[in-house]
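S.K.: Pasted the sequence and its predicted model underneath.
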Amino acid sequence: MYTIRVRGHLDERLLHWLHEAQVVNQPDGAAVLTTTIADQTEFYSVLIKMRDPGLPLIALHEQTEIEDIP
């Protein structure tokens, strides 16, 4: 699971391409995308979809679950 924050709001065209992602356009002009990415190829595909319309990357965060160790 990844959270990607970009400067700029995502329009309907991008939202269509990212149909499996949760996208929240923020009041400060940023957009936060939360999605599950299966592999490195899919990861770069998502980043390219953000880069092509010129949305600068602000932050990228991988969400990991911490397992309890007995």
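M.R.: Yep, that arrived.

S.K.: Regarding this protein, what is its longest helix?
M.R.: Assignment by DSSP state H gives helix 40-51 as the longest helix of the chain.

S.K.: so what secondary structure elements neighbour that one?
M.R.: On a contact count with 3 or more C-beta pairs under 8 Å, 6 or more residues apart in numbering; DSSP states H and E, helix 40-51 meets strand 2-7, strand 30-35, strand 57-62. From N, CA and C alone the C-beta is placed, and that goes for glycine too.

S.K.: Any chance of TSV for those strands, columns mean pLDDT, mean neighbour count and distance to residue 50?
M.R.: Listed next are the helices and strands packed on helix 40-51 as TSV, based on pLDDT from 0 to 100; neighbours: other C-beta atoms under 10 Å; distance: least, C-beta to C-beta, whole Å:
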stretch	mean pLDDT	mean neighbour count	distance to residue 50
strand 2-7	92	18	5
strand 30-35	90	18	8
strand 57-62	92	12	7
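
S.K.: Pipe those into JSON lines and attach distance to residue 41 per row.
M.R.: Below are the helices and strands packed on helix 40-51 laid out as JSON lines (distance: least, C-beta to C-beta, whole Å):
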{"stretch": "strand 2-7", "distance to residue 41": "14"}
{"stretch": "strand 30-35", "distance to residue 41": "14"}
{"stretch": "strand 57-62", "distance to residue 41": "16"}
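
S.K.: out of the ones you listed, which comes closest to residue 17?
M.R.: Closest to residue 17 of these is strand 30-35 (C-beta to C-beta; 11.1 Å).

S.K.: where does the chain dip in pLDDT?
M.R.: For the chain, applying pLDDT under 70 flags the ranges 19, 65-70.
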